[in-house]
Structure formats: C-alpha cells, structure tokens
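Asks: following is a predicted model, sequence given first.
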Amino acid sequence: MKAVIAGAIVALLTGTVANAQDGSTAPVAGAVTLVQAGHLLDRPGQRPRGASTIVIRDGKVEAVRDGFVGVEAFPGATVVDLRDRFVLPGLIDSHVHLTSDRAGQAGLLADFTDSLPARAYEAAGNARETLMAGFTTVRNLGDGDGVTLALRDATARHEIAGPRIIDAATSISTTSGHMDPRLGLSDEVRHDIGEPENVCNGVESCREAVRIQVGRGADVIKIATTAGVNSRIGAGLGAQMFEDEARALIETAHLYGKKVAVHAHGADGIDMALRLGADSIEHGTILSEDTIPLFLRSGAYYVPTLSTVNGYRARLAADPNAYPPAVLPKILWRISITGQSLQAAYPAGVRIAFGTDAGVSLHGRNADEFELMVEHGMTPMAAIEAATVNAADLLGLSTEVGSLEPGKRADLIAVEGDPLADVTVLKSVGFVMRDGRIYRHDEDL
C-alpha cells in the first residue's frame, strides 16, 4: 500500500504515470511535458531549428519555442532532456505486413502450422519492434485473418506497444493473381480451401470483394493489378487483371471513401491503375514512357519499397533454397533492377512516400530504406519528407502527424548525429514518443 501511495505522489510531482498498460510512460491528463531538443526538424522540407523546446499537453503539441524552456515557465512540468540529440517527427512506413517476416517456403509452411493466436503474438512483437525503431505510424497492406485489424484497435487504445496502424484488411486480386492464397498448393489442398473472399473475377465480383473488406473495417483498400515477385506461379510480372475489373475495384473503394494502394510491378498494370485513379503505386518496378506523366497528372504517390532486396539477400544467404523455382528468378530480377524507377521518378517530380514492405524485409529494420533511397538519387531531406510529410498525406493523416506543429499528435523521435548529413543515423533511434507517451529513452546510444 505504501508503494502505491508513493507512486501516486511521484506521478503528481512529475506529471507522468510510469508503466502504463502498453509499457509506456504516460502523462497525467492536463500535465505538460517539455521536450528540449538540441536540433529540431519540426517541419521536414524546411530548415531545421537549433535549440528548441516542444511543449506537449494531453498527447499533442501545444507549442514549439526557441531555446530550452524549463519548469520556470511551466511549473510542475516534466522535462525531457534531449539537448544533445537531433529531434524530428515520428517516422511513417506506408507499406508493412506486421503478421510475419518469414517468406518463401518457410512462410508457406507457417501458414499451415501456426495457430491464429501464434500469429497474433508475432504481429504484436513486430509492431513493438517497429515502434522502437522510430516508426510511430504504419500502413499495413495485407493480412488474411483479421489479426492486424484487432492490433490496430489495441495500439490505438494504448493497450499494446505499437505504431498507429492504418489497415487494409485482406488484399484483393483476381484468381491466380498475387493475392490468391492457393498459389503453389496441390489440387487437393486448393479444393479444401475453396474460393477465398479476397479473390474476384469480373466487375460484380470485384465490387463485392471491396465491400467485404470495407465491412470488415478496412481503412484502405489494397489491390494487385499485376503478378508478384513472391507469387508461387511462373506467369511473369505483367498485368493480371482486366481494366473493367480494376476500375470496379478502384471506383467501389472510392465510393466508400477509401484510398486504394495498388501492388504493381509491370508498366501495363501500373499505367492502368494510374489512369483509373489509384492513390498509390506500391513497388512500381518497371515504368513506361507514359508512367511518369500519369503520376504527375493524377497526383498519386509512388512507394518504392526498396528494402525488399535486403530481405531476399538475407534469406538466400541463409538458405539458397529459401524460394521455390517459380519465385527465385523473379527475386534475382527484382534485386538487379531495384532503384531504377526511383531514379527516374524522383527528379521528374513524382510524389514519393516511404514504404519498406517490411515482412518481406525485416521488421525493426525499416530505416534501412533511407539509405537505399539516398543511394538511388534522393537527398536525405527528401527521404525524410517521404517518411513524414508525404506519408502522412498519403495516409490521410496530415492534420495529425508528419510534422511537429501545434495541434498535432506528439509523435517524435531523437537520434545522435545529423540525419540531414548522414541519413543512416536514423537506423539508431534512441528516443521514441507517440501521443505524448515515452516508449523508448536510451540515455546513451
């Protein structure tokens, strides 16, 4: 009892409550937290500030002030000393798959051996790793069993440590398309699985497929207009959907106010999706002479997901037979061509949003994408913009996250060193705050 009373007194004196349900240090309602930053990139795309203080109340930024403001200005406030760190908004990954980072033959086996509770625990662990790496918001683009829909709600309530999640429920494609879970299975197993609800053929079927995901609570709709690198089928990487089917998917999603993320590798599937009003192109490996003008005309975002190559290389190094014969040639091709589309799209003015395809690459290693983006032509500032301001816009969250301005959520991270000079310092995040709650604070990096 004495310990409880002592804890309550500490909370009143410091304005924080330690050990909240999700393990964060949560602020008391109405209490002020002052984050003192040595350098602050409060609005990516604009020049960083020097010594600054972020005033936080009730999980939101109340003000950003020059210099180090202390308790003399806000009696009773909690001071977070980051005066030797570079502070910037919480990062956003626009393309993740939280349920697993296993793939190839190991991933296929897990689909049949892992229980639903096991997948839920794995997703929760991946969400925590993602948050601790500095990514306070993600867009989860595909989950077949509802695990991440539930995880989205749990992290929103701060019951589990994880990023804010925008979720696509189950991704949609045509029969034998990239999202058909029966690819590579025996006829007997295919028969037992039956017709999945995320597979559509023809206009009416595709409209229904979208409505099913909307009814499940999807925040965004993910479709595949082309084949996939990881699809267990030797059918190339071009379009695998007719235009009337793609139109039905996109129009139906927009009818319900949902944005559409389009998995597409081949230029035919990319261009078709852009003509029909897609909100983002994921991967976008091959561009035609029409692709960039279509991007510019439509205003769609390009999400390059360069980090997939790191996942492929790591798995192949550990096991040369990690992928079946129908998949391996596509992986080697993807490794050889990755980055070429970004090198063409970025200087042409195409809007770029940060996304890793974590799940194909490893969770918690999301910041590896920054290095690849810079390697393929982006400046460090542009790469950071892609992971903050641009990604927030793509996810429909610009009024909440992406910059540190009054009224926005207090999502911020801190690193040692200057990420505008060396973007790889973002691989070593030492402080993470989401909604004004401290999840990570390493005294020494």
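Replies: Right, received. Where do you want to start? Numbers count the residues shown, from 1 in each chain.
Asks: isn't residue 152 up against residue 165?
Replies: Yes: under the criterion of CB atoms under 8 Å, residue 152 makes contact with residue 165 at 3.9 Å. Backbone N, C-alpha and C define where each C-beta goes, glycine included.
Asks: shared neighbours of these two, anything?
Replies: Counting by CB atoms under 8 Å, 6 or more residues apart in numbering, the contacts common to residue 152 and residue 165 are residue 140.
Asks: how about low-confidence regions in the stretch 301-445 of the chain?
Replies: Residues of the stretch 301-445 of the chain meeting the criterion pLDDT under 70: 444-445.
Asks: centre-most residue in this structure?
Replies: residue 93 (2.6 Å; CA atoms, centre = their mean).
Asks: pretty sure it sits in a strand.
Replies: Yes: with DSSP: H, G, I helix; E, B strand; the rest coil as the criterion, residue 93 is part of a strand.
Asks: let me know the helix or strand that the residue nearest to residue 303 when sequence neighbours are not counted is in.
Replies: Excluding the flanking residues, the one nearest residue 303 by CB to CB, 6 or more residues apart in numbering is residue 355, at 3.8 Å. Assigned by DSSP states H and E, residue 355 falls within no helix or strand.
Asks: can you count the residues close to residue 355?
Replies: 31 (other CB atoms under 10 Å).
Asks: how far away is residue 84 from residue 39?
Replies: 10 Å (CB to CB, to the nearest Å).
Asks: check residue 147 too.
Replies: From residue 147 to residue 39 the distance is 39 Å (CB to CB).
Asks: also residue 402?
Replies: 19 Å.
Asks: of the two, which one has the most company?
Replies: Counted by other CB under 10 Å, residue 402 and residue 39 do not tie: residue 402 has more neighbours, with 28 against 22.
Asks: contacts only, for the more buried one.
Replies: 44, 89, 92, 388, 389, 390, 391, 392, 393, 408.
Asks: could you do residue 227 as well?
Replies: 177, 178, 233, 235, 236, 237, 238, 240, 265, 266.
Asks: just the helices in the stretch 151-300 of the chain please.
Replies: 187-193, 203-216, 243-255, 267-275, 291-298 (DSSP state H, counting those that start in this stretch).
Asks: of all the ones you listed, which lies closest to residue 70?
Replies: Across these, residue 70 has its closest neighbour in helix 291-298 (47.7 Å, CB to CB).
Asks: other SSEs contacting the closest one?
Replies: helix 267-275, helix 340-345 (3 or more CB pairs under 8 Å, 6 or more residues apart in numbering; DSSP states H and E).
Asks: again, 6 Å this time
Replies: helix 267-275 (3 or more CB pairs under 6 Å, 6 or more residues apart in numbering; DSSP states H and E).
Asks: now the helix it packs on against helix 291-298, angle please.
Replies: Counting by axes from the mean of the first three to the mean of the last three CA atoms, to 10 degrees, helix 267-275 lies at 10 degrees to helix 291-298.
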